[in-house]
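Trainee: I would like the atomic coordinates for the input below:
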Amino acid sequence: MNNINAAIVILLMLSALFLSSCFENEVPVKPFPRGDVKVTVIPMTSDYTNQFYYSFEKNQIVKENRYDIWDLAFQCYGEDFYILLNGAKFMEAADMGQIDFESVKDRNNANFKYDSTNGGFDDYAIGKWWTASGDSAISKNHVYIVNRGRDNNSKKMGYVKMQIISADKLFFTVRFADLDGKNDNTVNILRKSDLNYMMFSFNDSGIILELEPPKSEWDIEFTRMIGFLPFENSLLPYGVTGIMINHTSTEVYKDSVVKFADIQLSDVENFTFSQNPGYIGHDWKNFELNGEVYTPKIYMNFVFKDTYGFYWKFRFVDFYSEEGQRGYPKFEFKKL
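Mentor: Numbers count the residues shown, from 1 in each chain. Predicted coordinates:
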């Protein structure tokens with residue numbers, strides 16, 4: 001090798017050394033820590049008086065409230081304006097049609113209906129009370145009789161009549177009164193975009209309640225709800241304890257074939273997930289009438305995609321406290 005070629009080689013080596021010193025050393029990305037299987041208990045107690053909002057990522061109850069302090073849930077998300085009844089109180093409503101508000105004075109000819117939990121809101125008791133007009137809702141001016149159900153002492157809370165006046169991106173406007181016309185009030189219910197629903201009580205001339213956590217902060221809700229049993233070509237409603245999912249931000253899949261320990265992250269691409277609010281529901285436990293014993297279906301697994309986009313597997317393993325009191329659902333879970 002002559003002197004010129006040797007000089008070129010040395011120059012190239014020095015240049016490579018200089019350039020490499022200008023770049024930071026690559027740091028290998030560590031796998032996200034998934035951790036071990038964890039176990040959590042939700043203290044609903046045997047009275048089931050509270051509703052609990054739970055986050056998998058935080059592994060904690062982020063908010064709770066008594067189930068009987070609200071009547072209606074007003075939709076805050078999306079372009080629709082649905083209004084849901086509080087199924088935990090066994091509420092129902094009757095659509096009396098497009099009639100004069102003052103003319104409704106009793107429950108004669110009222111055909112009451114319960115909400116389901118399947119997310120088909122058009123078929124709920126109040127249903128689609130409006131026609132769309134841009135970002136606003138034009139009311140059909142139907143009058144509804146609302147059975148407020150029972151409080152947590154099983155006391156009947158009575159009936160009111162209600163008419164939804166209007167709604168837009170900011171507010172619902174609702175008129176309500178006793179059936180005899182007393183306590184006639186009109187209220188505006190704020191729509192907060194970071195919530196799924198704003199709650200409302202007919203008590204004390206109307207109370208607006210922000211009970212839900214922001215929809216980015218919770219995954220599932222433990223609550224009382226209405227279940228339906230087939231009976232003589234119809235469905236018979238009954239009270240149950242179960243789970244509603246945060247259906248605007250999460251989704252879930254149910255599996256009873258694969259063992260809990262064998263479910264891996266790579267499996268999720270083969271699962272069909274649901275955003276049905278009542279998809280988990282109450283069917284994760286058996287009820288034995290003799291002795292009134294609840295037994296979780298430990299073979300029933302759920303795979304859950306949370307508000308952060310992470311996947312979790314979980315299953316219920318008990319429904320009783322260490323002292324043997326029912327109303328303490330226990331589940332084990334693991335991030336995939």
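Trainee: where are the low-confidence patches of this structure?
Mentor: In the prediction, the chain carries residues with pLDDT under 70 at positions 1-34, 291.
Trainee: make it 50
Mentor: For the chain, the stretches with pLDDT under 50 are 3-31.
Trainee: For it, just list every one of the helices.
Mentor: In the chain, helices defined by DSSP state H lie at 3-20, listed in chain order.
Trainee: give the contact list for residue 152.
Mentor: Under the criterion of Cβ atoms under 8 Å, 6 or more residues apart in numbering, the contact partners of residue 152 comprise 47, 48, 49, 66, 67, 68. Every C-beta, even on glycine, is put in place using the N, C-alpha and C of the backbone.
Trainee: Dump those residues into a markdown table; add neighbour count and distance to residue 308 as well.
Mentor: Rendered in a markdown table, the data for these read as follows (neighbours: other Cβ atoms under 10 Å; distance: Cβ to Cβ, whole Å):
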| residue | neighbour count | distance to residue 308 |
| --- | --- | --- |
| 47 | 9 | 33 |
| 48 | 18 | 29 |
| 49 | 18 | 30 |
| 66 | 13 | 29 |
| 67 | 20 | 27 |
| 68 | 22 | 32 |
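Trainee: Which members of those residues are positioned in strands?
Mentor: Secondary-structure check on these using DSSP state E: residues within strands are residue 66.
Trainee: how about the contacts of residue 152 in a markdown table, adding distance to residue 122?
Mentor: Written out in a markdown table, the entries for those read as follows (distance: Cβ to Cβ, whole Å):
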| residue | distance to residue 122 |
| --- | --- |
| 47 | 34 |
| 48 | 29 |
| 49 | 32 |
| 66 | 30 |
| 67 | 25 |
| 68 | 27 |
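Trainee: ok, so what distance separates residue 315 from residue 331?
Mentor: 6 Å (Cβ to Cβ, to the nearest Å).
Trainee: rewinding a little: I'd like to know which of the contacts of residue 152 is nearest to residue 245.
Mentor: For these, the residue nearest residue 245 by Cβ to Cβ is residue 67; the value is 17.3 Å.
Trainee: Isn't that closest one up against residue 51?
Mentor: Yes - with contacts counted by Cβ atoms under 8 Å, residue 67 reaches residue 51, the gap being 5.0 Å.
Trainee: so what's in contact with these two at the same time?
Mentor: By Cβ under 8 Å, 6+ apart, residue 67 and residue 51 have these common neighbours: 88, 223, 224.
Trainee: Just name the closest of those residues to residue 123, please.
Mentor: residue 88 (19.5 Å).
Trainee: Tell me the spacing between the closest one and residue 54.
Mentor: Distance check for residue 88 against residue 54: by Cβ to Cβ, it reads 16 Å.
Trainee: Tell me who's in contact with residue 244.
Mentor: The contact partners of residue 244, by Cβ under 8 Å, 6+ apart, come to 117, 220, 221, 223, 225, 277, 278, 280.
Trainee: Let's see that with 10 Å instead.
Mentor: Each residue near residue 244 by Cβ atoms under 10 Å, 6 or more residues apart in numbering is listed here: 51, 53, 87, 117, 119, 220-223, 225, 276-281.
Trainee: now, which of those residues sits nearest residue 37?
Mentor: Sorting those by distance to residue 37 puts residue 220 at the head of the list, at 17.7 Å, by Cβ to Cβ.
Trainee: Measure how buried residue 136 is and give me the count.
Mentor: Burial of residue 136, expressed as a neighbour count using other Cβ atoms under 10 Å, amounts to 14.
Trainee: what's the answer for residue 229, then?
Mentor: Each residue near residue 229 was counted by other Cβ under 10 Å, and the total is 9.
Trainee: try residue 109
Mentor: Here the count is done by other Cβ under 10 Å, and residue 109 has 10 residues near it.
Trainee: Is it correct that it is in contact with residue 103?
Mentor: No - in this structure, residue 109 is not within contact of residue 103 by Cβ atoms under 10 Å, at 11.6 Å.
Trainee: what is in contact with those two at once?
Mentor: Listed as contacting both residue 109 and residue 103 by Cβ under 10 Å, 6+ apart are residue 96.
Trainee: any shared contact partners between residue 315 and residue 331?
Mentor: Looking at what touches both residue 315 and residue 331 (by Cβ under 10 Å, 6+ apart), the common residues are 284, 296, 302.
Trainee: would a markdown table of these with distance to residue 141 and neighbour count be doable?
Mentor: As requested, the shared contacts of residue 315 and residue 331 are arranged in a markdown table below (distance: Cβ to Cβ, whole Å; neighbours: other Cβ atoms under 10 Å):
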| residue | distance to residue 141 | neighbour count |
| --- | --- | --- |
| 284 | 42 | 21 |
| 296 | 47 | 18 |
| 302 | 43 | 23 |
